[in-house]
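>>> can't give you the sequence, but here's the structure:
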């Protein structure tokens, strides 16, 4: 229990928690008719389960949640039928002096991999980026594995550029792959 309390009280943990809530709020503002759920304080305090959800007009859902074995800070995208599409690991987001770089993990699921490949470049991630992410993951108690390849979402971007790129990707994934019915 003490280890979890230490993690919950760390500045890095609080900052990434805030990044996630800010992203969810940005998405809700951008997609004006999307419904942003209340923050689940119990899940936030236990680092277990969905912290917040966003329901889009076509019935798709984005969960800001912990994921496999209680690892914090993931966005999980589900289509309108409740089927998993894609996960985005927020702990891979690197912030240095208000500049953001984010290489998305290469999914194991071939459909998810194809979705990302259609939108982003799969590239070798720089060794300094991998080292930074490994350190963050260790500090966040989120595992330490990061592959040498990733899909480049944003590099040396400001916050506005980052959330705009992320929003564009999410909208393409949710609406292009699983379009609204006429």
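Yes, it's here. What you see is a predicted model, and the numbers here were worked out from it, not measured in a lab.
>>> show me where this protein has its helices.
Ranges of helices within the chain are 2-9, 11-30, 41-46, 110-119, 127-139, 159-171, based on DSSP state H.
>>> can you redo the ones you listed as a markdown table with mean neighbour count and mean pLDDT?
Quick note: C-beta positions are derived from backbone N, CA and C, even for glycine. Converted to a markdown table, the helices of the chain look like this (neighbours: other Cβ atoms under 10 Å; pLDDT from 0 to 100):
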| stretch | mean neighbour count | mean pLDDT |
| --- | --- | --- |
| helix 2-9 | 11 | 52 |
| helix 11-30 | 16 | 92 |
| helix 41-46 | 13 | 84 |
| helix 110-119 | 15 | 89 |
| helix 127-139 | 15 | 91 |
| helix 159-171 | 17 | 94 |
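>>> export those helices to a markdown table and tack on distance to residue 101?
Output for the helices of the chain, formatted as a markdown table (distance: least, Cβ to Cβ, whole Å):
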| stretch | distance to residue 101 |
| --- | --- |
| helix 2-9 | 23 |
| helix 11-30 | 13 |
| helix 41-46 | 26 |
| helix 110-119 | 17 |
| helix 127-139 | 6 |
| helix 159-171 | 9 |
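>>> can you say which of the ones you listed is nearest to residue 64?
helix 11-30 (4.8 Å; Cβ to Cβ).
>>> could you name the helices and strands sitting against the closest one?
Judged by 3 or more Cβ pairs under 8 Å, 6 or more residues apart in numbering; DSSP states H and E, helix 11-30 is in contact with strand 35-36, strand 50-55, strand 61-67, strand 71-78, strand 93-96, helix 127-139, helix 159-171.
>>> what sits up against the third one?
What it means is strand 61-67. 20-21, 23-24, 27, 43, 47-56, 72-78, 82, 87, 89, 170, 174 (Cβ atoms under 8 Å, 6 or more residues apart in numbering).
>>> which among the residues you listed end up buried?
20-21, 23-24, 27, 43, 47, 50-56, 72-78, 87, 89, 170, 174 (16 or more other Cβ atoms under 10 Å).
>>> tabulate the helices and strands packed on helix 11-30 (a markdown table), appending distance to residue 16.
Below are these laid out as a markdown table (distance: least, Cβ to Cβ, whole Å):
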| stretch | distance to residue 16 |
| --- | --- |
| strand 35-36 | 19 |
| strand 50-55 | 11 |
| strand 61-67 | 11 |
| strand 71-78 | 5 |
| strand 93-96 | 8 |
| helix 127-139 | 8 |
| helix 159-171 | 14 |
